[in-house]
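1. sequence-free structure coming up:
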């Protein structure tokens, strides 16, 4: 997609040479997933450039405060500036923009996001409400294509699907493509729940086992390591942390690969690469690794809960086991990444399934 650039005048031959150079540069990046590299050609569209232009920044803040009907303090302005990419996006209609403006709270809490890259992605992301063809599974409600920077939506699904795919767009990076698929999906859905759901502690529709898996990893290695892994695309951070306490017969990579294979087997109806014994061995190894870290004893209840739920995918009927488990034990109300949610629920408790807390979302 072409973007506006500042016009300059050159003699004919110089202009021709420049045109050819830009043509070949643009062509070479046309099929690239690296959105950030496009700023080499389109330098006017830059989050960092806005930060370095005080008068422009003040005008944008005033404009966005009016658009979002808010008044932000000085320490909230940098995050609000990122929403300017959505405001200036000519591909989004007003209803989709209103959904994406909700990312303001997300980027306020997650400071480690690559904001310059996110700005480029949000500036020209497109939403395509597509007609499902025969090759697309009926279970797929939407997906994000990072090469074309397009979110595809099927059958006019609810905003939660748009939010989930929008988070993929917001956090996509060079390393993101190399992250295990279902770790990424679980983390994305966890963020969607904590920041945008009025039932944030329960996931029973989209990636329930993967969300439990990510929460289990948060209890095992710490939520900061999990978040850094997600924002940098470096899964070795989690593997190295697990290895500090791993004296089992399986490597950390083997253990987590068995989980990923189980998710893939269930979600995509694929044949498993591992036996049932392999799966439960990985389950036992994680339990031993947790016990080897004596500092983890303070969150034993939380680890055990999500360890069991994430292993639902090893059962003959994962959905039945998962449902029966949360009906019997209740919903563990613990937030990981939303500051607002953490402040509202400082005490970590189980709530009966039918008595769980619903919260009023901020507009």
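-> Cool, got the structure. None of the values given here were measured: they were computed from a predicted structure.
2. And the strands in the stretch 1-150 of the chain?
-> In the stretch 1-150 of the chain, the strands defined using DSSP state E, counting those that start in this stretch lie at 126-130, 142-145, 150-154.
3. how long is stretch 151-161 from one end to the other?
-> End-to-end distance for stretch 151-161: 10 Å, by C-alpha to C-alpha, to the nearest Å.
4. mind checking which of the strands of the stretch 1-150 of the chain is nearest residue 316?
-> When the strands of the stretch 1-150 of the chain are compared by C-beta to C-beta, strand 142-145 sits nearest residue 316, at 28.9 Å. From N, CA and C alone the C-beta is placed, and that goes for glycine too.
5. And the closest one, what's buried?
-> Across strand 142-145, burial judged by 16 or more other C-beta atoms under 10 Å covers 142, 143, 144.
6. Distance to residue 272 and pLDDT added to the residues you listed, as a markdown table?
-> Converted to a markdown table, the buried residues of strand 142-145 look like this (distance: C-beta to C-beta, whole Å; pLDDT from 0 to 100):
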| residue | distance to residue 272 | pLDDT |
| --- | --- | --- |
| 142 | 27 | 91 |
| 143 | 24 | 92 |
| 144 | 27 | 95 |
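7. With respect to residue 268, which of those residues is nearest?
-> residue 143 (13.1 Å).
8. excluding its backbone neighbours, what's nearest the closest one?
-> The shortest distance from residue 143 to any non-neighbouring residue, by C-beta to C-beta, 6 or more residues apart in numbering, is to residue 152 (5.5 Å).
9. My read is that the one you found contacts residue 128, right?
-> Yes - using C-beta atoms under 8 Å, residue 152 is in contact with residue 128, at 5.0 Å.
10. which of those two has more neighbours?
-> Neighbours of residue 152 and residue 128, each counted by other C-beta atoms under 10 Å, are more numerous for residue 152; the result is 19 against 14.
11. Report the contact partners of that one.
-> 128, 130, 142, 143, 144, 145, 165 (C-beta atoms under 8 Å, 6 or more residues apart in numbering).
12. measure it to residue 126 for me?
-> Counting by C-beta to C-beta, to the nearest Å, the gap from residue 152 to residue 126 is 9 Å.
13. Residue 129: neighbouring residues, count only.
-> Using other C-beta under 10 Å, residue 129 has 14 neighbouring residues.
14. Model confidence score at it, please.
-> For residue 129, the pLDDT comes out at 90.
15. And the spatially closest residue to it that is not a sequence neighbour, how far from residue 121?
-> Using C-beta to C-beta, 6+ apart and skipping residues adjacent in sequence, the residue nearest residue 129 is residue 153, 4.8 Å away. As judged by C-beta to C-beta, residue 153 and residue 121 stand 17 Å apart.
16. Mind checking which of these two has more residues around it?
-> residue 121 (23 against 17).
17. How about the contacts made by that one?
-> Here residue 121 is in contact with 35, 85, 149, 169, 170, 172 (criterion: C-beta under 8 Å, 6+ apart).
18. just these now: which is nearest residue 113?
-> residue 170 (7.1 Å).
19. how close does the closest residue to that closest one other than its chain neighbours sit to residue 252?
-> Leaving aside its chain neighbours, residue 170 sits nearest to residue 118 (5.3 Å; criterion: C-beta to C-beta, 6+ apart). Residue 118 sits 30 Å away from residue 252, going by C-beta to C-beta.
20. How many residues are close by the residue nearest to residue 201 when sequence neighbours are not counted?
-> Spatial nearest neighbour of residue 201, chain neighbours left out: residue 333 (4.7 Å); criterion: C-beta to C-beta, 6+ apart. Other residues near residue 333 come to 18 when the count uses other C-beta under 10 Å.
21. No more questions from me, cheers.
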